[in-house]
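**Student:** 3D model of this:
(2 chains, ligands or ions: 2)
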Amino acid sequence: MSPVCFAPDSGGGGGASTPAPWGETKVVGARLPRVDAYERVSGSAVYTLDLQLPGMLHAAIVRCPHAHARVKRIDTAKAETMPGVRGVLTGESPGAAIPWYQGREGPLSLLFDPHCRHEGEEVAAVAADTALQAHDAARAVVVEYEELPFVVDPDKALAPDAPKVHDWGNLLGQPRVTTRGDVAAGFAAADAVVEMTFRTPVQMHTPMEVHVSVAQWDGDRLTVWDSTQGVYAIREALAGALKLPLASVRVVGHYMGGGFGSKLELGKYTVIAALLARRLGRPVKAALTREETFLVAGNRPSNVITLKAGAKRDGALTALEARLSGPVGAYPTSAVSAYQIGDLYTCPNVKFETTNILIHAGKARPFRAPGFPSCNWALEQVVDTLAEKLGLDPVELRLKNIPTVSQLNDNAPYTSTGLARCLTEGAVAFGWTEARRRPKTAGHLRRGVGVAAGMWGYGGDPNATAIVTLYADGSVNLNTGASDLGTGTKTVLAMVVAEELGVAPDRIQVEHADTATTKFAPSSGGSQTVLVNSPAVRAAAIEVKRQVLEIAARQLDKPVGDLAVADGAVVVAGAGGKRVPFSELKGLGERRMLVGVGMRHPHPEGKLALPFAAQFAEVEVDTRSGAVRVLRVLAAQDSGRVMNRLTFNNQVFGGVVQGLGFALTEERVLDRATGKMVNANWHDYKVPTMLDSPAEAECLPIDPHDTECNTVGAKGLGEPAHIPAATAIANAIHDAVGVRPLEAPVTPARLVALLAAQERKG
Amino acid sequence: MARKPRDNEHTCPHGVSRRGFLGSLGAGAVAAATLGRPGETAPPEVADAVEPSKVTLLVNGRRHRLLVEPRWTLLHVLRERLGLTGSKPGCERGECGACTVLIDGVPRYACLTLALEAEGHEVTTIEGLMRGEELGPTQQAFAAEDAFQCGYCTPGQIMAAEGLLRAKPAPTVAEIRLGMSGNLCRCGAYPHIVKAVRRAAEARKGGGR
Ligand code: FES
Ligand code: FES
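**Tutor:** Ligands and ions are numbered 1, 2, ... in the order given. Down below sits the predicted model:
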């Protein structure tokens, strides 16, 4: 592992080894309120949607109201003369013929493509003095469409006579088959075999802040404020779309109101804002309406998963065979992930086939652990069913199959796995055995408990650079390109600096997520932010510390080895040791600042660092109405070191609540007759409220003290907190009422139907 | 366009034709427009949807005289005219609560309240909970309990909590869950929000406002 911290002025020398893992920490791991809590609770934090620039115009976008149509004519005459209107943009406008969505043989679409392949595709845009005027004018743009036949039902999209989304048809690539061992032999050797088909919903991200950008030009230089998860990714895509050098594009993304994966990629609204701003010579804000976010800002695709599993009497899995398919929408991306089928449990014989289908609907985007919750919904219910068939405790069966290596990655060992501990210690903390022993009540309110395990399959980008600067007065600047989506990134990274440099977190200012003023960090997504950036920040802080100690050693005439930093000062070892505050270090005063640049260490070679989880839920089912209440949840999470116990818990509960939505309430509904979304709003698309969320939620961190995963010992958290949550609820429903909820969300209507069918069967 | 402010607190002081509304507004504002007193039959005076009207708004203790379009929501005026961007738009149709403010001490969706309707009422926004540069007790409780993630729903959550605690200084957990259920948090910070509201109730016992 190569040393990766250096300072421009360090003149070679020190700081040249991988830092030892932390032992006891003082700051890291504490329950520390966020460094930006004041801004967020005072209302003074400026989100992109809040931004007001002098002379700023507002854009509104004309969208295709049909699932599939061809634009025949656009008449902007009336719109152009409406009050406040400054400009109208169509595909004919100079510079607007920008290719969009890359296919194998070139671009598949345009910024304003006359061939509209889903409801909501962009047709034209208007800029006006106010947002209301812009929307008025957008409504006044007359567009003549030729409506075309469409297919929005993935079950029908592969039929030979289905209307085609693209020339080649509706199959994206070929179904991919992955095989290990011999599944037929595995099933033959099994004592119990289970096969079931599951359906999961299209879930919408709907972050609270809509997707929004503000664009401003200064000569050839473009600055874009964007509600994004990754300023560097947006800059690259934006520079590509506008054919600008990277150095001419600045993307800033400070406060942002949630993303969950839907704000990773460049949106057309951003390019529209930039084009209008260039044409009109004024800054332009382009914000989607809430309804628009449902149509064009991504979704988690529905999945149909058929899974067959076999196990020995003792619970050891012998074979897993699965077919997974899902709709990507109208443009390529991925709809399914079989990762957990291949890797969550030890199983010698595995085969799975994945199919991605095109339909006339908005393109999917990654949504918190893309593919994983849907796959988990199938896998963990099948495993539960096997346990039932074999008369085993579901926890026991899972424990029988815990891997220490990644079978999907040539059996590379994990740097650590706390999966077994998540299950056993989680079960104890939840009171699993007692809860399962409780006799079932006979009335219409039935209680049940369920468990589900899960894992996440991405270990993070190996690249990130951070800069730590110590000023003469002892205050510190932490410079990182990372976005803080609300996960507490700024706070956690400041805590890393505080830990290494012995300064109070409130002496640290965080400069982040701005391509002009910070260095590269990968997008905040895939649970990589903390584990990628913390090691870079730590390296930078260690480098500053090295310089501080060198300066202090000269001033105090002591060997560096006798010195340490604490509480904003250099401390000499030994009882009653002298203490020199940073602000009294002469060398620091002369140089004005000490700068440390830190880069991330490479991933450990030949090993994988991944997080694991097991979650437990107790539900109450009303058999008369089919309503499910989640009474309590316990989430046992192996995400390595807990960086901040307060934000850790919070993020885990957030994952659980979103899982609850997946399990019980959330589902995009497309009208079969028109292909249009009928619930593109928060009234009809049900995001869990506080009343839906579990009354009791407990988070149990399982820290395996991983000294190999990276130099801070943390693994990912955002996704694994969400992955098993829905399935734990499904298994609890089964425990309560004895029916298998194969289809999510388990709405009252669906559950009542299942109960009625159960009754008919007797 | 003629306008005649009325005394009745619950009636839009400026008559606006329902049709003019429907022509220019989303469903949310239509719902707001129908708040008129039941049984009131006098034909409304008709204001053009975009013809500006004078209005005086009392926001966070300060009086603002403004020219507003009748269709402008209170949220729009707070953010775009008064620069008070603490109140957030989430849906602008009464579904999320991100825009919650207090009107005469009661939590209201500012996106479902027309600016004209707010005349004669006391409007309090998140900025109005500050004591100078210090956080108010409810804000402090949200910070201490980490009762947010992205923080975008937070001003609305805090205003809802503030309204709840003004009406019910010592709410039970069940009352908190019910009282806060008009505010979505997509980040799912609900467990911490419950803790924050309880903490705020404690803090306010000792004479917090
Ligand atoms: S913005 Fe007012 S309720 Fe959503
Ligand atoms: S904190 Fe993000 S929506 Fe509530």
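
**Student:** With adjacent residues omitted, what lies nearest to the residue in chain B positioned nearest to chain A?
**Tutor:** For chain B, the residue closest to chain A is residue B:86, as judged by Cβ to the nearest Cβ, at 2.3 Å. Where C-beta positions appear, they are placed from N, C-alpha and C, glycine not excepted. Nearest-residue entry for residue B:86: residue A:43, 2.3 Å, with adjacent residues in sequence omitted and distances by Cβ to Cβ, 6 or more residues apart in numbering or on different chains.

**Student:** go on, residue A:736?
**Tutor:** Distance criterion Cβ to Cβ, 6+ apart; nearest residue to residue A:736, sequence neighbours excluded, is residue A:448 at 2.8 Å.

**Student:** May I ask which helix or strand of the chain has the lowest mean pLDDT?
**Tutor:** This is for chain A. Of all helical and strand segments in chain A, the minimum by mean pLDDT, DSSP states H and E falls on strand A:5-6, at a mean of 34.

**Student:** And the helix or strand just after that one, what does it pack against?
**Tutor:** Where DSSP states H and E defines the elements, the next helix or strand beyond strand A:5-6 is helix A:37-42. Applying 3 or more Cβ pairs under 8 Å, 6 or more residues apart in numbering or on different chains; DSSP states H and E, one finds that helix A:37-42 makes contact with helix B:137-144, helix B:154-167.

**Student:** Next one: the longest one, is it in contact with chain A?
**Tutor:** Yes. Residues of helix B:154-167 contacting chain A under Cβ under 8 Å from any Cβ of the partner chain: B:154-155, B:158.

**Student:** Out of those residues, which comes closest to ligand 2?
**Tutor:** Top of the list for closeness to ligand 2, among the residues of helix B:154-167 next to chain A and by Cβ to the nearest ligand atom, is residue B:154 at 5.8 Å.

**Student:** Which residue ranges make up each domain of chain A?
**Tutor:** Domain ranges of chain A: A:4-30+A:460-599, A:48-148+A:210-256+A:263-296, A:299-459+A:606-761, per automatic domain parsing.

**Student:** rank the ones you listed by mean pLDDT and give me the bottom one.
**Tutor:** Across these, domain A:4-30+A:460-599 has the smallest mean pLDDT, namely a mean of 91.

**Student:** Off-centre distance for that domain?
**Tutor:** Relative to its chain's centre, domain A:4-30+A:460-599 lies at 28 Å (Cα atoms, centre = their mean, to the nearest Å).

**Student:** Please apply the same query to stretch A:200-208.
**Tutor:** Going by Cα atoms, centre = their mean, where stretch A:200-208 is centred and where its chain is centred differ by 12 Å.

**Student:** average model confidence for it?
**Tutor:** On average, the pLDDT along stretch A:200-208 is 98.

**Student:** Please identify the buried residues of it?
**Tutor:** A:200-208 (16 or more other Cβ atoms under 10 Å in any protein chain shown).

**Student:** Between all of those, which two are separated the most?
**Tutor:** Within the buried residues of stretch A:200-208, A:200 and A:208 form the most distant pair, 23.8 Å apart (Cβ to Cβ).

**Student:** Pull out the buried positions in stretch A:138-156.
**Tutor:** The neighbour-count check on stretch A:138-156 (16+ other Cβ under 10 Å) flags A:138, A:140-141, A:143, A:145, A:148, A:150-154 as buried.

**Student:** likewise stretch A:683-703?
**Tutor:** For stretch A:683-703, the neighbour count (16+ other Cβ under 10 Å) marks A:685-690, A:692-695, A:697-703 as buried.

**Student:** Likewise for stretch A:500-520?
**Tutor:** By neighbour count on 16+ other Cβ under 10 Å, the buried set for stretch A:500-520 is A:500-503, A:505, A:507-508, A:510-515, A:518-520.

**Student:** What's the end-to-end length of it?
**Tutor:** Using Cα to Cα, to the nearest Å, one end of stretch A:500-520 lies 22 Å from the other.

**Student:** OK, contacts around the residue of chain B closest to chain A?
**Tutor:** Listed by Cβ atoms under 8 Å, 6 or more residues apart in numbering or on different chains, the contact set of residue B:86 reads A:42-44, B:125-127, B:155.

**Student:** can we see that at 10 Å?
**Tutor:** Counting by Cβ atoms under 10 Å, 6 or more residues apart in numbering or on different chains, residue B:86 touches A:41-45, A:50, B:78-79, B:101, B:125-130, B:154-156, B:158-159.

**Student:** same check, this time on residue B:63
**Tutor:** Contact analysis of residue B:63 by Cβ under 10 Å, 6+ apart lists B:56-57.

**Student:** again, but for residue B:204
**Tutor:** The contact partners of residue B:204, by Cβ under 10 Å, 6+ apart, come to B:136-138, B:141, B:162, B:165-166, B:169-170.

**Student:** Now tabulate the residues you listed in TSV and tack on neighbour count, pLDDT and distance to ligand 1.
**Tutor:** Formatted as TSV, the contacts of residue B:204 follow (neighbours: other Cβ atoms under 10 Å in any protein chain shown; pLDDT from 0 to 100; distance: Cβ to the nearest ligand atom, whole Å):
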residue	neighbour count	pLDDT	distance to ligand 1
B:136	22	97	22
B:137	23	97	25
B:138	31	98	19
B:141	27	98	23
B:162	27	98	16
B:165	23	98	20
B:166	16	97	20
B:169	11	97	26
B:170	11	97	27
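
**Student:** beta partners for the nearest residue to residue A:231 once chain neighbours are set aside?
**Tutor:** Leaving aside its sequence neighbours, residue A:231 sits nearest to residue A:251 (Cβ to Cβ, 6+ apart; 4.2 Å). Listed beta-bridge partners, residue A:251: residue A:224 (assigned using DSSP bridges).

**Student:** give me the number of residues near residue A:251?
**Tutor:** Counted with other Cβ atoms under 10 Å in any protein chain shown, the neighbours of residue A:251 add up to 27.

**Student:** now it: how far from residue A:297?
**Tutor:** Distance of residue A:251 to residue A:297, computed by Cβ to Cβ, to the nearest Å: 18 Å.
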